[in-house]
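Peer 1: got a predicted model here, sequence first, then my questions.
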Amino acid sequence: MSLREKLKALEELQQVDIEQTSVRAEAEAVPRRRAEIEVGVGVARKACQAEEDKLASVERERRSQEQTIATERDKVKKWEGRLAEIRTPREYAALSREIDIAKKTNESVGEQTKLLLAQAAEITLAIDVLQEKLDEREAGAQEELEGLTRRASEFAARIVALEARRAALAQKVEPVLLKRYENIRQRRGGIAVTQVVGGTCKGCNRQIPPQMAITLVRANSIENCPNCNRIIYVPEAVSPATPPVA
Ligand SMILES: [Zn+2]
């Protein structure tokens, strides 16, 4: 295989590696996004639950007060029945006072019950709003999670395809050159092969020596950028048949 072809294979290998890195990053973002969605739904669910708990406690209090009122009312009824049997005015006055006090207590408890009833109605409205938000959120989450599942399997399929393509390309490049490529890639942020355009290395944006530019045009040796050490090539020299891009 000519050096030109090897360089071309390296160039393609680099493209595959770049794409693989980006697909893997996207694939790794999926579980993170999934967790975020679940946290969001959890927060909305908790807000709803908190209001429901509040409502239950208000209702409990109201029922207990109604129980008190009923008991007191029975007592008053009994006492009022007893009034008729009382012979002394002192006793009569005492029981009447008891009855008055019990009635007043019932009235004020009744007022509190009304307040609790109003409070319960307010909380119920708040729950309706929160429940609606929760429903919306759950539906949105469901849809997004399904999309994420689809994307995750797309990413997995793309990674498999890219790995196969990479293996085929790696076979075209001799092992020593491949090792050199891997070493540079690790040290240079994933980019080991880069173009030289107008005498400038696209990897580090520095000018390369004019003599090296001439060597590159011949494309019969593997050259490294003197500045960033990446494998460099001139696109026209590696793919001379490529028609100029309009
Ligand atoms: Zn460079």
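Peer 2: Everything's here; your move.
Peer 1: residues from the protein in reach of the ion?
Peer 2: C201, G203, C204, C225, N227, C228 (Cβ under 5 Å from the ion). Bear in mind the C-beta positions are built from the backbone N, C-alpha and C, glycine included.
Peer 1: of the residues you listed, grab the buried ones for ChimeraX.
Peer 2: If you want just the buried ones from those in ChimeraX, going by 16 or more other Cβ atoms under 10 Å, the selection is:
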select :201,203,204,225,228
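Peer 1: tabulate the residues of the chain next to the ion (a markdown table), appending distance to I99.
Peer 2: Formatted as a markdown table, the residues of the chain next to the ion follow (distance: Cβ to Cβ, whole Å):
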| residue | distance to I99 |
| --- | --- |
| C201 | 102 |
| G203 | 98 |
| C204 | 99 |
| C225 | 104 |
| N227 | 103 |
| C228 | 99 |
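Peer 1: in strands, which of the residues of the chain next to the ion appear?
Peer 2: C201 (DSSP state E).
Peer 1: possible to save the residues of the chain next to the ion as a markdown table with pLDDT?
Peer 2: Below are the residues of the chain next to the ion laid out as a markdown table (pLDDT from 0 to 100):
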| residue | pLDDT |
| --- | --- |
| C201 | 97 |
| G203 | 95 |
| C204 | 96 |
| C225 | 96 |
| N227 | 96 |
| C228 | 96 |
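Peer 1: got the contact list for the lowest-mean-pLDDT helix or strand in the chain?
Peer 2: When each helix and strand of the chain is scored by mean pLDDT, DSSP states H and E, helix 235-238 comes last, with a mean of 87. The contact list for helix 235-238 (Cβ atoms under 8 Å, 6 or more residues apart in numbering) reads R4, L7, K8, E11, Q195, V197, L216, V217, R218, A219, T242.
Peer 1: in the lengthiest strand in the chain, what counts as buried?
Peer 2: Longest strand of the chain, by residue count under DSSP E: strand 193-197. The neighbour-count check on strand 193-197 (16+ other Cβ under 10 Å) flags V193, T194, Q195, V196 as buried.
Peer 1: please enumerate the strands of this structure.
Peer 2: Along the chain, counting by DSSP E, strands occupy 193-197, 200-201, 223-224, 231-233.
Peer 1: mind saving the C-alpha coords of the longest one as CSV?
Peer 2: Extracted as CSV, the C-alpha positions of strand 193-197 are listed here (Å, rounded to 0.1, in the frame of the first residue of the first chain):
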residue,chain,number,x,y,z
VAL,A,193,-3.8,13.4,12.3
THR,A,194,-4.4,16.9,11.1
GLN,A,195,-4.3,18.9,7.8
VAL,A,196,-1.9,21.6,6.8
VAL,A,197,-3.8,24.3,5.0
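Peer 1: for that strand, packing partners?
Peer 2: Secondary-structure packing of strand 193-197 (3 or more Cβ pairs under 8 Å, 6 or more residues apart in numbering; DSSP states H and E): helix 3-83, strand 231-233.
Peer 1: kindly report the same for the last one.
Peer 2: Judged by 3+ Cβ pairs under 8 Å, 6+ apart, strand 231-233 is in contact with helix 3-83, helix 175-187, strand 193-197, strand 223-224.
Peer 1: rerun at 10 Å
Peer 2: helix 3-83, helix 175-187, strand 193-197, helix 210-218, strand 223-224 (3 or more Cβ pairs under 10 Å, 6 or more residues apart in numbering; DSSP states H and E).
Peer 1: same question for the longest one, mean pLDDT?
Peer 2: If I follow you right, that is helix 3-83. Across helix 3-83, pLDDT averages out at 95.
Peer 1: what packs against that helix?
Peer 2: helix 89-172, helix 175-187, strand 193-197, strand 231-233, helix 235-238.
Peer 1: the inter-axis angle of the second one versus helix 89-172?
Peer 2: This points to helix 175-187. 150 degrees (axes from the mean of the first three to the mean of the last three Cα atoms, to 10 degrees).
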